[in-house]
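Sequence plus predicted model, see below.
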Amino acid sequence: MKITIVGAGNIGTQFAVHCAQKGHEVTIYTSNCEKIQNKLFIVDENNQIVKQGEIRRATNDLKLAFDEAELIFITIPSFAMETLAQKIFPYVKNAYIGLIPGTGGGECCFAKFIEKNCTIFGLQRVPSVARLVEYGKSVKAIGYRDCLKIATIPKTQKIDKIIEEIFDIPCDILSNYLNITLTPSNPILHTTRLYSLFKNYNQSPYDYVPLFYEEWSDETSEILFKCDDEHQNICQKLSMFDLSGVKSLKIHYESDTPQKLTQKIRSIQGFKGLKSPTIEQDGKYIPDFNSRYFTADFPYGLSIIKQIANFVDVETKNIDIVLNWYKTKQPTIKEFNYSNYNINNLKEFIEFYNN
């Protein structure tokens, strides 16, 4: 297939290697195309090469990247998707458009492509933890999943066999895209962690900031449990949809108490060593509010969950605390809004996700 991958970061590089290794014609669309070498590598935790593939090109030319693309993987942050959709719309037709991962409202940004005989699909979670080793050359991928879960719009379309062939991982098709939209992974996991880390920040720098996962706290787990319960209440009110694919984070991490969740997250190998989003100043640290942890997971993650809660009249006391704290730090930042896509009430919401 002719495959275009948007973005050359952690996920984009990983996907490029898998696709190229399987003999697909791979183009990477990026503004930094001159930094991308043709042969790319995936390495393991010991920095040993485990996969390699040669892409056809890296380019910033829209026509070259999208005019003949049959499969497009979009790996850029959620806040950049609407702009991208507008830029590539004249070129894309008859293509599968994959949002990796599928949360963040991208299904609304790209819904107009359906009229051009395109299928929109999203992965519920990425295939593994991936971290760049050297930009434009190699990425470290650890802890591949046993199964990938996919949803499509229109939901009658299939993409699972193609993804299985690329990654050698079995795929399950979820009953509707709302199972992707409501995945609580980053929108709750990351936001509750950021809240507990920085809720008392008052412009004074920190001497030390704990590692994001490896030094996870019980305080974070406790607020996460409360937000997770509210999230599950939202799912229960959406009984007109099969949301069996939306698992509680308690189930996902096999933890029935906050303390067990803390121990579980601290022990995950792929999470080791990941720093909290900060900026160093004279040996001390302040929160990096421009990090994707903030700019994606609040306005294009937790905010979406809150809007859905409003549609179904579910009280979200703890989600509100976390979300409102963020808005005091970033009061003017743009956020995803369903009303921009003519979804203003529960009826319109149901109609969209029943597509």
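In hand now; what should we look at?

Other residues contacting the helix or strand Lys87 falls within?
Assigned by DSSP states H and E, Lys87 belongs to helix 81-88. Applying Cβ atoms under 8 Å, 6 or more residues apart in numbering, the contact partners of helix 81-88 are 6, 62, 65-66, 74, 76, 99, 104-106, 109-110, 112-113. For glycine as for every other residue, the C-beta is placed from the backbone atoms N, C-alpha and C.

mind listing which of these are in helices?
Within the contacts of helix 81-88, residues falling in helices by DSSP state H are Leu62, Ala65, Phe66, Gly106, Cys109.

quick one: pLDDT of the third one?
Looking at Phe66, its pLDDT reads 98.

longest helix of this protein?
In the chain, with assignment by DSSP H, the single longest helix is helix 218-237.

helices or strands next to it in the packing?
Judged by 3 or more Cβ pairs under 8 Å, 6 or more residues apart in numbering; DSSP states H and E, helix 218-237 is in contact with helix 185-198, helix 249-252, helix 258-267, helix 303-311, helix 317-329.

Confirm Ile120 sits in a helix?
No - with DSSP: H, G, I helix; E, B strand; the rest coil as the criterion, Ile120 is strand rather than part of a helix.

wait, it sits on Lys112?
No - using Cβ atoms under 8 Å, Ile120 is not in contact with Lys112, being 9.9 Å away.

More neighbours: these two, which one.
Each of Ile120 and Lys112 has its neighbours counted (other Cβ atoms under 10 Å); Ile120 has more, 28 against 14.

Look at the most centrally placed residue in the chain and tell me its secondary structure.
Centroid-nearest residue in the chain, with Cα atoms, centre = their mean: Pro101, separated by 3.7 Å. For Pro101, the assignment made with three-state DSSP gives coil.

now for the helices and strands packed on helix 218-237, which one comes closest to Leu238?
Judged by Cβ to Cβ, the one of the helices and strands packed on helix 218-237 that comes nearest to Leu238 is helix 303-311, at 7.7 Å.

related to what we said a few turns ago, pLDDT on the helix holding Lys87, on average?
Mean predicted lDDT for helix 81-88 stands at 97.

Go through it and flag the buried ones.
Applying a neighbour-count criterion of 16 or more other Cβ atoms under 10 Å, the buried positions in helix 81-88 are Met81, Glu82, Leu84, Ala85, Ile88.

Just flag the most distant two among these.
Every pair of the buried residues of helix 81-88 checked by Cβ to Cβ; the farthest is Glu82 and Ile88, at 11.5 Å.

ok so, going back, buried ones only from the contacts of helix 81-88, please, as a PyMOL command.
Burial among the contacts of helix 81-88 is assessed by 16+ other Cβ under 10 Å; the matching PyMOL selection reads:
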select buried, resi 6+65+66+74+76+99+104+105+106+109+110+113
